[in-house]
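Novice: Model the following, please.
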Amino acid sequence: MSGDTVLEIKRVFDATPESIFDAWLIREQWQAWVGPEGVRCDLLLHEPQIGGRYKLIMNLPDGKKFPIVGTFKTIERPTRFAFTWALETHEHDSLVTITLRDVGGGKTELTLRHDNMVNAENRDQHGRGWNSALNKLETYLKGR
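Specialist: The predicted structure is shown next:
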C-alpha cells in the first residue's frame, strides 16, 4: 500500500483506555462528539459488534450533508477497534483503526490510522477532519 494513502495521528488524552473506547462504541457518547468542529452529526445507525454497521450524517454549516457508512471489523476492548469508512454514495472503502495504549497516570495514547485513502489530497482532508474531531473528543472527555 502506498504511504501517501495512509493517515496516522497520535494523541495523548487525559483519560483511561476504557473511557476512550466507550466514547467511540457507546452510541450516546459517540453521538455527543463525532465529527469535526462546527459540524453536527446525526448517528442514524450504530451496531458496535464485529460485522455491525453504522451510519452517520455530517451536517456542514453551509447546508451540505455527507452520509458516512461503515462496518465494524475489529473490537478488542479496551485496546483496539477498526471500522470501514466511506461516503455512502461512493464505492471506495477505507479502514480506520484506533489503538489505545495506557501510558500511566490516567493517560492514554490514541493512535488513529486511516488506510486506503483515495489519494494524498483525500488523506490530508481527512487528517484535518480527524484532528478536529479528536479536539471534540478531548473536550467531551474533560467534561465527563
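Novice: Output the longest helix belonging to this protein.
Specialist: helix 120-142 (DSSP state H).
Novice: From the contact counts, what lies against that helix?
Specialist: Helix 120-142 is packed against strand 7-13, helix 17-25, helix 27-33, strand 107-115, with contacts defined by 3 or more Cβ pairs under 8 Å, 6 or more residues apart in numbering; DSSP states H and E. Yep, even glycine has a C-beta here, placed from its N, CA and C like the rest.
Novice: Report the angle between the second one and strand 7-13.
Specialist: So the one you mean is helix 17-25. Helix 17-25 runs at 130 degrees relative to strand 7-13, counting by axes from the mean of the first three to the mean of the last three Cα atoms, to 10 degrees.
Novice: Dump the C-alpha coordinates for helix 17-25 into PDB.
Specialist: As requested, C-alpha coordinates have been extracted for helix 17-25 and formatted as PDB (Å, rounded to 0.1, in the frame of the first residue of the first chain):
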ATOM      1  CA  PRO A  17      -8.300   3.500  27.600                       C
ATOM      2  CA  GLU A  18     -11.800   2.200  28.700                       C
ATOM      3  CA  SER A  19     -13.300   5.700  28.800                       C
ATOM      4  CA  ILE A  20     -12.000   6.500  25.300                       C
ATOM      5  CA  PHE A  21     -13.100   3.100  24.000                       C
ATOM      6  CA  ASP A  22     -16.600   3.700  25.400                       C
ATOM      7  CA  ALA A  23     -16.600   7.300  23.900                       C
ATOM      8  CA  TRP A  24     -16.500   5.600  20.400                       C
ATOM      9  CA  LEU A  25     -18.500   2.500  20.900                       C
END
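Novice: tell me the mean pLDDT over that helix?
Specialist: Throughout helix 17-25, pLDDT has a mean value of 98.
Novice: The first one too?
Specialist: Here strand 7-13 scores 98 as its mean pLDDT.
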